[in-house]
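Participant: Below is the sequence, then the predicted model.
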2 protein chains.
Amino acid sequence: MASHGGRGRSGGRPTLEEVAARAGVGRGTVSRVINGSPRVSDATRAAVEAAVAELGYVPNTAARALAANRTDAIALVVPEPETRFFAEPYFSDMLRGVGAELSDTEMQLLLIFAGSDRERQRLAQYLAAHRVDGVLLVSVHADDPLPDLLSQLEIPAVISGPRSAAESLTSVDSDNYGGGRSAVEHLLGRGRSRIAHITGRLDVYGAQRRAAGYRDALRDAGHPVDELLIEPGDFTEEGGRRAMTTLLSRDPGLDAVFAGSDVMAAGARQVLREAGRRIPDDVALVGYDDSAIARHMDPPLTSVRQPIEEMGRAMIDLLLTEIADRRPATSRGLDRRRAVLPTELVVRASS
Amino acid sequence: MASHGGRGRSGGRPTLEEVAARAGVGRGTVSRVINGSPRVSDATRAAVEAAVAELGYVPNTAARALAANRTDAIALVVPEPETRFFAEPYFSDMLRGVGAELSDTEMQLLLIFAGSDRERQRLAQYLAAHRVDGVLLVSVHADDPLPDLLSQLEIPAVISGPRSAAESLTSVDSDNYGGGRSAVEHLLGRGRSRIAHITGRLDVYGAQRRAAGYRDALRDAGHPVDELLIEPGDFTEEGGRRAMTTLLSRDPGLDAVFAGSDVMAAGARQVLREAGRRIPDDVALVGYDDSAIARHMDPPLTSVRQPIEEMGRAMIDLLLTEIADRRPATSRGLDRRRAVLPTELVVRASS
DNA sequence: ATCACTGGTGGGAGCGCTCCCACAGTACCT
DNA sequence: AGGTACTGTGGGAGCGCTCCCACCAGTGAT
């Protein structure tokens, strides 16, 4: 039914002006109705809404973006190759939370992978062009230049897993310290006393915090902290094996292990088995992440669960307020926000 | 260093006009250089490029979109909940191909899930607003209204897995017919003669084609087609079990089974085992999809591989030409395009 | 010398919005 | 009666591009 105009333009989508003419009001008034301004009388609003419905009017996003200097879109940036994104349920959970929280909004979510250098290049261009109003950053390494680029471009951003205690970006984190504590307190409660800790890579802030929780839990219970019972892994299964081997040689009598991730716990379990230790009878084992591995391990692994989906929701919340705050020009200065969500210990047969 | 202007606008990004002034040329010339028009002298081009570099000019996408009536973005629409998207490697492979093919382009890819009704609603709005230049459609059900919506809105679209032989959208498919043939020919070559077929849901076009390949391969080899050896499954493991049970009761002497998917093959395998049949000694088994299941099955499953990543690339190719063709206004009419990519039989121990 | 062309270039018009200023109308005070 | 204030409204200006027409040299043919 669409009548084609003279030039190549297709479709003849109605414009604000046409809606205004139809409703017998001015352009500005229609704009106010569309944007939900309260300064419109009920009668006028009704007339405009009728015209919008009759004409099937849909705002032109490009025009709006140009005039208002915003895009109504935010990006979820994953500085990893796509493969890892799909492999780890972490991202899937995060995305679910983000999507849910966004569904009440007009905001559009873009998923951007920046694993390769080339993709990084494109991302930088993309951000420089201000094609999004804000950015969600997940799984960022300590030396990544991305956060700096974002602050330089003055693009609102929220990072999941702050890079340090002094993180300059608004951040959302789970309570790694509390998670570490609860794991150790649980083991102590089970009557274990020689509790080892396989940490994650210690340049990852969260791994430091978990270790701190481990230390404080022991100390507060009146146990001395034996540094020989702390051995760094690197979040891999192989790293877990190596660390466990080392720990076992240092103290064959240890009766519990708190691993900084489920994957490392899986590695530790192998070594313990080979050394003839029964789990949990001889050595109790606790992991971190409550991943699928934990559920399927033999015996099923006690693990610290992070509320990843909730973290996604929190990130959106913070980002949206940050974007809203920026709009009225006054950059409110230095009060960086930070959210920390509680973890939960999921007890299974391994402890 | 950015000096703030009088009003609230932030940042002072350079505009075309500023680049033009700096390079000592007109606005139009800069635009030509940016867009790679050949009608610019080398000297002028160099001057403009220098000015662009000095000023760090990045085109304003919104302005371009408004003026040129295009967005330089395409959407990958997944009419499934996110969960399935992550669960099935199909999507991951497809995304890899799409991303790779797009990386030479200025085009931006959006990932849109439309599993729930609410998400569908948003998607419709999104498309009506013409926020993308084209759409990639994957895993669409036969009765989905989305394709019609797209043609109505005159948005270029490419679908993976056409819904029927009369698919109205440009489509990319793997050679399901050839895949079915090759599976059966392989089994015949192994000396099997009573070959059963567990089909997928027959309202899925690809499942029909696989079954057609099965029939023709038998017929061309001089074997009669016994309809009692064809039993529909529904792509699930349970469906595979049911179909296998039925087939075995109809013909206890069958010596091979071609299942329309690896998952159904897994179901069939269970039933065969319980019935005391050895694989492949008594009954040879072939699946379809070459998924992780196939590799991990005991014994490893012979399966037909679809070139999913290549399909992703092909979809982008077709979509981009479709978008380009549309630009010069003349809608070239009725010659719908269609690409069919070859499959490959991966032989393992089950046959 | 005149008349086509042709490759290069400048800049007006306009894309469809938002923002904001101006102004009419009403209400409520002095 | 005149002021003041506030609600609701219309429409100009302008966001930063692309498109296209007009125009200016050259160049070669007449």
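Facilitator: That came in fine, so what should we check first?
Participant: Domain map for chain A?
Facilitator: A:16-59, A:73-173+A:310-341, A:176-305 (automatic domain parsing).
Participant: Point out the most buried one among the ones you listed.
Facilitator: Across the domains of chain A, the average number of neighbours (mean count of other C-beta atoms under 10 Å in any protein chain shown) peaks for domain A:176-305, which reaches a mean of 20. C-beta here means a position set from N, CA and C on the backbone, and glycine is covered the same way.
Participant: In three-state terms, label the residue of the stretch 151-300 of chain A with the smallest separation from DNA strand D for me.
Facilitator: In the stretch 151-300 of chain A, the residue that lies nearest DNA strand D is A:E154 (14.7 Å; C-beta to the nearest atom of the strand). On the three-state scheme (DSSP: H, G, I helix; E, B strand; the rest coil), A:E154 is labelled coil.
Participant: Ramachandran angles for it?
Facilitator: A:E154 adopts backbone torsions of phi 60, psi 40, taken as degrees, to the nearest 10.
Participant: any idea how far B:P342 is from it?
Facilitator: Computed as C-beta to C-beta, to the nearest Å, the A:E154 to B:P342 distance reads 51 Å.
Participant: what about chain A, any weak spots by pLDDT?
Facilitator: Within chain A, the segments meeting pLDDT under 70 span A:1-11, A:327-336.
Participant: So which residues of it form strands?
Facilitator: A:73-78, A:108-113, A:134-138, A:157-160, A:170-174, A:195-199, A:230-232, A:256-259, A:284-288, A:302-305, A:338-341, A:344-346 (DSSP state E).
Participant: Let me have the ones you listed in JSON lines, extended by distance to A:R210.
Facilitator: As requested, the strands of chain A are exported to JSON lines (distance: least, C-beta to C-beta, whole Å):
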{"stretch": "strand A:73-78", "distance to A:R210": "23"}
{"stretch": "strand A:108-113", "distance to A:R210": "28"}
{"stretch": "strand A:134-138", "distance to A:R210": "19"}
{"stretch": "strand A:157-160", "distance to A:R210": "16"}
{"stretch": "strand A:170-174", "distance to A:R210": "10"}
{"stretch": "strand A:195-199", "distance to A:R210": "7"}
{"stretch": "strand A:230-232", "distance to A:R210": "11"}
{"stretch": "strand A:256-259", "distance to A:R210": "8"}
{"stretch": "strand A:284-288", "distance to A:R210": "7"}
{"stretch": "strand A:302-305", "distance to A:R210": "8"}
{"stretch": "strand A:338-341", "distance to A:R210": "13"}
{"stretch": "strand A:344-346", "distance to A:R210": "13"}
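Participant: Go through those strands and name the closest to A:R241.
Facilitator: strand A:195-199 (9.9 Å; C-beta to C-beta).
Participant: Enumerate the helices of the stretch 201-350 of chain A by residue range, in sequence order.
Facilitator: For the stretch 201-350 of chain A, helices defined by DSSP state H, counting those that start in this stretch occupy the ranges A:205-220, A:237-250, A:262-274, A:292-296, A:308-326.
Participant: now the second one, how far from the centre of its chain.
Facilitator: To tie it back to what came earlier, the one meant is helix A:237-250. 30 Å (C-alpha atoms, centre = their mean, to the nearest Å).
Participant: orientation of that helix relative to helix A:262-274 in degrees?
Facilitator: 50 degrees (axes from the mean of the first three to the mean of the last three C-alpha atoms, to 10 degrees).
Participant: quick one, helix A:237-250 and strand A:284-288 angle?
Facilitator: 150 degrees.
Participant: and helix A:237-250, C-alpha only, in PDB?
Facilitator: Output of helix A:237-250 as PDB, limited to C-alpha atoms (Å, rounded to 0.1, in the frame of the first residue of the first chain):
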ATOM      1  CA  GLU A 237      43.200 -27.600  36.300                       C
ATOM      2  CA  GLU A 238      46.900 -28.100  35.700                       C
ATOM      3  CA  GLY A 239      47.700 -25.300  38.200                       C
ATOM      4  CA  GLY A 240      45.500 -26.900  40.700                       C
ATOM      5  CA  ARG A 241      47.400 -30.200  40.300                       C
ATOM      6  CA  ARG A 242      50.800 -28.500  40.700                       C
ATOM      7  CA  ALA A 243      49.700 -26.500  43.800                       C
ATOM      8  CA  MET A 244      48.200 -29.600  45.400                       C
ATOM      9  CA  THR A 245      51.300 -31.600  44.800                       C
ATOM     10  CA  THR A 246      53.400 -28.900  46.400                       C
ATOM     11  CA  LEU A 247      51.100 -28.600  49.400                       C
ATOM     12  CA  LEU A 248      51.000 -32.300  50.000                       C
ATOM     13  CA  SER A 249      54.800 -32.500  50.000                       C
ATOM     14  CA  ARG A 250      55.000 -29.700  52.500                       C
END
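Participant: quick one: the nearest residue to A:S151 once chain neighbours are set aside from A:D148, how far?
Facilitator: Using C-beta to C-beta, 6 or more residues apart in numbering or on different chains and skipping the chain neighbours, the partner closest in space to A:S151 is A:S168 (6.5 Å). A:S168 sits at a distance of 8 Å from A:D148 (criterion: C-beta to C-beta).
Participant: What of A:D251?
Facilitator: Computed as C-beta to C-beta, the A:D251 to A:D148 distance reads 43 Å.
Participant: Return the residues of the stretch 51-200 of chain A in contact with chain B.
Facilitator: Residues of the stretch 51-200 of chain A lying close to chain B (C-beta under 8 Å from any C-beta of the partner chain) are A:56, A:58-63, A:65-66, A:69, A:71, A:82-83, A:86, A:89, A:91-92, A:95-96, A:99, A:103, A:108, A:110-111, A:113, A:118-119, A:122, A:125-126, A:128-131, A:154.
Participant: So which of the residues you listed would count as near DNA strand C as well?
Facilitator: A:P59, A:N60, A:A63, A:L66 (C-beta under 7 Å from any atom of the strand).
Participant: Filter those residues down to the buried ones.
Facilitator: Taking 16 or more other C-beta atoms under 10 Å in any protein chain shown as the criterion, what is buried in those is A:P59, A:N60, A:L66.
Participant: who's in contact with the last one?
Facilitator: Counting by C-beta atoms under 8 Å, 6 or more residues apart in numbering or on different chains, A:L66 makes contact with B:N60, B:A62, B:A63, B:L66.
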